[in-house]
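Peer 1: Predicted coordinates and the sequence they were generated for:
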Amino acid sequence: MDTETETNIAKTSLDFIPSVLKTEDSFLPVSSLPYPKEKICDAIKQYLANKNLSVEERQEIKMKYALLANFLEDDKIQFIEMVDHSLEQIDMEDNDASRTWTEDPKNDADYKKYLSILAAIDAERKKLEDELIV
């Protein structure tokens, strides 16, 4: 990939990421990214290596880069949304909840899987943050 193409991929992606993710806790399908996730990572790394940017600009890029962890496979997003919805129903003490939990939801296999997915997202975000030297 030539430098101009990498720069375009980096700039497009860095503009796109915050425009679609409203919070750090929101998730979107990886298929919604304008380019494959790996290609975006490589392009942003090259962009930083080839540009003379201020510390503030580098920090902003690093923050956006780490948000790539919030782009997940569809099945993971659906699972997170299902568990979030069930937990909201429990919080509202709604007896018509669409999901029945064990007595303690923290002992439920789905809840444990949910926590595992969230931990993996946090680990990926940390890994992405550590990849970029600011």
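Peer 2: Cool, got the structure.
Peer 1: which ones are touching the spatially most central residue of the chain?
Peer 2: Nearest to the mean C-alpha position of the chain, counting by CA atoms, centre = their mean, stands residue 70 at 0.8 Å. Counting by CB atoms under 8 Å, 6 or more residues apart in numbering, residue 70 touches 21, 24, 26, 27, 28, 121, 125. Bear in mind the C-beta positions are built from the backbone N, C-alpha and C, glycine included.
Peer 1: Residue 125 too?
Peer 2: Here residue 125 is in contact with 66, 67, 69, 70 (CB under 8 Å, 6+ apart).
Peer 1: thinking again about what came up before, now list the buried members of the contacts of residue 70.
Peer 2: With burial judged by 16 or more other CB atoms under 10 Å, the buried subset of these is 21, 27, 28, 121, 125.
Peer 1: Against which helices or strands is the helix or strand bottoming out on mean pLDDT in the chain packed?
Peer 2: Lowest mean confidence among the helices and strands of the chain (mean pLDDT, DSSP states H and E): helix 74-91, at a mean of 84. Judged by 3 or more CB pairs under 8 Å, 6 or more residues apart in numbering; DSSP states H and E, helix 74-91 is in contact with strand 28-29, helix 109-131.
Peer 1: In that helix, which of the residues would be classed as buried?
Peer 2: 76, 77, 79, 80, 83, 86, 87, 89.
Peer 1: In JSON lines, list those residues along with distance to residue 108.
Peer 2: Shown next, in JSON lines, are the buried residues of helix 74-91 (distance: CB to CB, whole Å):
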{"residue": "76", "distance to residue 108": "17"}
{"residue": "77", "distance to residue 108": "19"}
{"residue": "79", "distance to residue 108": "13"}
{"residue": "80", "distance to residue 108": "15"}
{"residue": "83", "distance to residue 108": "9"}
{"residue": "86", "distance to residue 108": "9"}
{"residue": "87", "distance to residue 108": "10"}
{"residue": "89", "distance to residue 108": "13"}
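Peer 1: ok, which pair from those is furthest apart?
Peer 2: Maximum pairwise distance in those, criterion CB to CB, is 20.5 Å, between 76 and 89.
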